[in-house]
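1. Predicted model and sequence below, questions to follow.
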Amino acid sequence: MSRLRIYDDNQHDTPVVVHTAHADIAAALNAVGVRFEQWEATQDIAPGATQDEVIAAYRADIDRLMAENGYQSVDVISLKPDNPDRATFRQKFLNEHTHSEDEVRFFVAGAGQFTLHIDGRVYEVLCEKGDLIGVPDGTPHWFDMSESPYFVAIRLFTNTEGWVASFTGEDIAERFPRMSPHPSAKASTAA
């Protein structure tokens, strides 16, 4: 279930508010300029699917977003708990950073947690299958995929070089909760 927990940025152990209804999550995020939508994930895709398979399954939505917002490139990130580089991938995104372009992700399967630091508040957004999030350029944030990642996400970029981060040097991300493994991750390791 998708979830938004909002904290004061100096109070990491108790959220001020928690939302689990998509409409409430979208409204709270929209109020701070963050796009959050629930899409019908029409294809059943699991981590391990090829980039071409994922893009082909969602080609109409990708083309629409590219036309609406001027995105120049698209790729797919897909991780399972058995990926030998999972800890390295996770660490790459865990520190607070910004981008010079919007960060747009559509979760095709599994889950990931974006945490945004805006105006003295921390917005922890657990994105699940069917969620699209658009983090505006310049917004301090970090991303966690848990120690047992299980997700497939389509990434759209205006910069053809793809993901380019500018780290803030702040340690705020270390003070807030990390993502728990997704239930599908536990099931995939037991199989």
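-> Right, received. Where do you want to start?

2. residues of the longest helix along the chain that come out buried?
-> Longest helix in the chain, counting residues (DSSP state H): helix 59-69. Neighbour-count burial for helix 59-69, counted by 16 or more other C-beta atoms under 10 Å, picks out 61, 62, 65, 66. All C-beta atoms are positioned from the backbone trio N, CA, C, and that covers glycine.

3. for that helix, packing partners?
-> For helix 59-69, the elements it packs on are strand 103-118, strand 151-157, judged by 3 or more C-beta pairs under 8 Å, 6 or more residues apart in numbering; DSSP states H and E.

4. between these, which gets nearest to residue 28?
-> Closest approach to residue 28 among the helices and strands packed on helix 59-69 (C-beta to C-beta): strand 103-118, 11.0 Å.

5. which neighbours does that closest one have in its sheet, and in what orientation?
-> Partner strands and pairing direction for strand 103-118 (DSSP bridges) are strand 121-128 (antiparallel), strand 131-135 (antiparallel), strand 141-144 (antiparallel), strand 151-157 (antiparallel).

6. could I get those strands as JSON lines with mean pLDDT, mean neighbour count and distance to residue 43?
-> Output for the strands paired with strand 103-118, formatted as JSON lines (pLDDT from 0 to 100; neighbours: other C-beta atoms under 10 Å; distance: least, C-beta to C-beta, whole Å):
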{"stretch": "strand 121-128", "mean pLDDT": "97", "mean neighbour count": "22", "distance to residue 43": "16"}
{"stretch": "strand 131-135", "mean pLDDT": "95", "mean neighbour count": "23", "distance to residue 43": "15"}
{"stretch": "strand 141-144", "mean pLDDT": "97", "mean neighbour count": "24", "distance to residue 43": "23"}
{"stretch": "strand 151-157", "mean pLDDT": "91", "mean neighbour count": "23", "distance to residue 43": "10"}
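
7. Looking at those strands, spot the one closest to residue 1.
-> strand 121-128 (6.7 Å).
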